[in-house]
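**Q** Here's my sequence, what's the structure:
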Amino acid sequence: MSLRSILSGAFSWSYFVAIYVFIFLPVAVLVLFSFQDGTLPIPPFNGVTLKWYAEVFTDPKLMSALGNSLNVAFLSSLLACLLGFCAAYGLARFRLPATALQRILLTAPLTVSYLIIALGLLVLFNWAGVRLSLWTVGIGHVVINLPLCFAIIYASMGEHQKNTERAAQDLGANGIQVVLLVTAPMLMPSILAAFFLSLTFSWDEFIISFLLSRFDVTLPVEIWSLLRSGLNPKTNAIGSIVFLTSSVLLVALEIFVFRAGSGK
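**A** Residues are numbered from 1 along each chain as shown. Now for the predicted structure:
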């Protein structure tokens with residue numbers, strides 16, 4: 001093995017290690033000091049304790065916010081996925097006026113800051129006299145996740161699926177049966193990918209949840225409220241729980257997608 005190959009390999013490994021350290025070191029520090037046996041999550045590390053996690057799970061405000069986050073994330077992701085599927089199917093299977101323009105308009109919110117979307121929705125709800133609540137937060141999450149769901153599902157619609165749908169129609173299936181029994185199962189990997197990504201984004205989202213809620217808040221907003229009084233291992237513990245939940249969702253997404261792909 002030449003010196004050039006050795007140096008090239010060492011540089012490659014050093015680069016990858018540096019990238020992973022840069023990404024995961026803050027998370028590792030967060031998780032480590034969530035077990036801090038002290039009142040401040042700062043060095044030196046004083047020992048291991050689970051009392052901060054116990055306090056998290058016995059805190060009624062945090063548990064209420066956790067339940068709110070789960071409900072908003074699941075329902076808004078489900079609705080965003082359903083609407084995204086309907087939009088993708090309509091634009092991919094029917095000749096509609098200005099199809100290209102409609103695709104651009106549907107994906108345009110992906111390029112807009114969440115802050116701008118939240119302020120626009122806040123003005124709209126105030127103008128319409130809609131009281132801020134978890135429902136308005138859910139609407140905001142549908143607005144930001146629907147374009148993502150549409151883009152993922154629309155990109156997976158190909159000619160081979162269209163031929164299968166035509167075959168089902170020739171065998172006597174009506175339009176609803178074709179969509180439910182043929183199109184949806186074929187697109188299930190993309191639908192699951194869109195759903196899990198929406199679930200993850202909604203679970204972690206703060207700006208829209210903060211501006212469009214009032215008394216009932218989601219978990220990121222409650223964590224922000226705790227941070228206003230300063231850092232403590234309890235905030236590290238709840239942050240670790242959020243990170244773990246998001247990681248589990250992403251791993252589930254990868255497993256579903258890769259298993260579906262390998263089975264073809």
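
**Q** remind me which residues of the stretch 151-264 of the chain are low pLDDT?
**A** Counting by pLDDT under 70, the stretch 151-264 of the chain shows low-confidence ranges at 253, 256-264.

**Q** What segments of it are helices?
**A** Using DSSP state H, counting those that start in this stretch, the helices found in the stretch 151-264 of the chain span residues 159-170, 175-178, 184-186, 188-204, 207-211, 219-227, 233-262.

**Q** So which of those is nearest residue 34?
**A** Taking C-beta to C-beta, helix 233-262 is the member of the helices of the stretch 151-264 of the chain nearest to residue 34, at 3.8 Å. Glycine gets a C-beta too; all of them are placed from N, C-alpha and C.

**Q** Could you list every helix and strand that that closest one packs against?
**A** Judged by 3 or more C-beta pairs under 8 Å, 6 or more residues apart in numbering; DSSP states H and E, the packing partners of helix 233-262 are helix 3-33, helix 51-57, helix 188-204, helix 219-227.

**Q** tell me which residues in that helix are buried?
**A** Judged by neighbour count (16 or more other C-beta atoms under 10 Å), helix 233-262 contains these buried residues: 233-242, 245, 249, 253, 256.

**Q** and that helix with helix 188-204, angle?
**A** If you take axes from the mean of the first three to the mean of the last three C-alpha atoms, to 10 degrees, helix 233-262 sits at 170 degrees to helix 188-204.

**Q** Helix 233-262 to helix 3-33, inter-axis angle?
**A** Using the same axes, to 10 degrees: helix 233-262 against helix 3-33 is 130 degrees.

**Q** and the helices and strands packed on helix 233-262, which is most packed in?
**A** Comparing these on average neighbours per residue, with mean count of other C-beta atoms under 10 Å, the densest one is helix 188-204 at a mean of 22.

**Q** hmm, who's touching that helix?
**A** 69-70, 72-74, 76-78, 80-81, 84-85, 141, 144-145, 148-149, 152-153, 155-156, 184, 219-220, 242, 245-246, 249-250, 252-253, 256-257, 260-261 (C-beta atoms under 8 Å, 6 or more residues apart in numbering).

**Q** How far away from the center of its chain is that helix?
**A** Between the mean C-alpha location of helix 188-204 and the chain-wide mean there is a distance of 6 Å, by C-alpha atoms, centre = their mean, to the nearest Å.

**Q** Same question for stretch 229-244.
**A** Relative to its chain's centre, stretch 229-244 lies at 20 Å (C-alpha atoms, centre = their mean).

**Q** send the alpha carbons of that stretch over as CSV?
**A** Output in CSV follows, covering the C-alpha atoms of stretch 229-244 (Å, rounded to 0.1, in the frame of the first residue of the first chain):
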residue,chain,number,x,y,z
SER,A,229,-35.5,30.2,34.5
GLY,A,230,-32.1,28.8,33.6
LEU,A,231,-30.5,25.5,32.7
ASN,A,232,-31.0,22.5,34.9
PRO,A,233,-30.7,18.7,34.5
LYS,A,234,-34.4,18.5,34.2
THR,A,235,-34.4,20.4,30.9
ASN,A,236,-31.6,18.1,29.7
ALA,A,237,-33.7,15.1,30.6
ILE,A,238,-36.8,16.2,28.7
GLY,A,239,-34.5,17.2,25.8
SER,A,240,-33.0,13.8,25.8
ILE,A,241,-36.5,12.3,25.6
VAL,A,242,-37.4,14.5,22.7
PHE,A,243,-34.2,13.5,20.9
LEU,A,244,-34.8,9.8,21.6
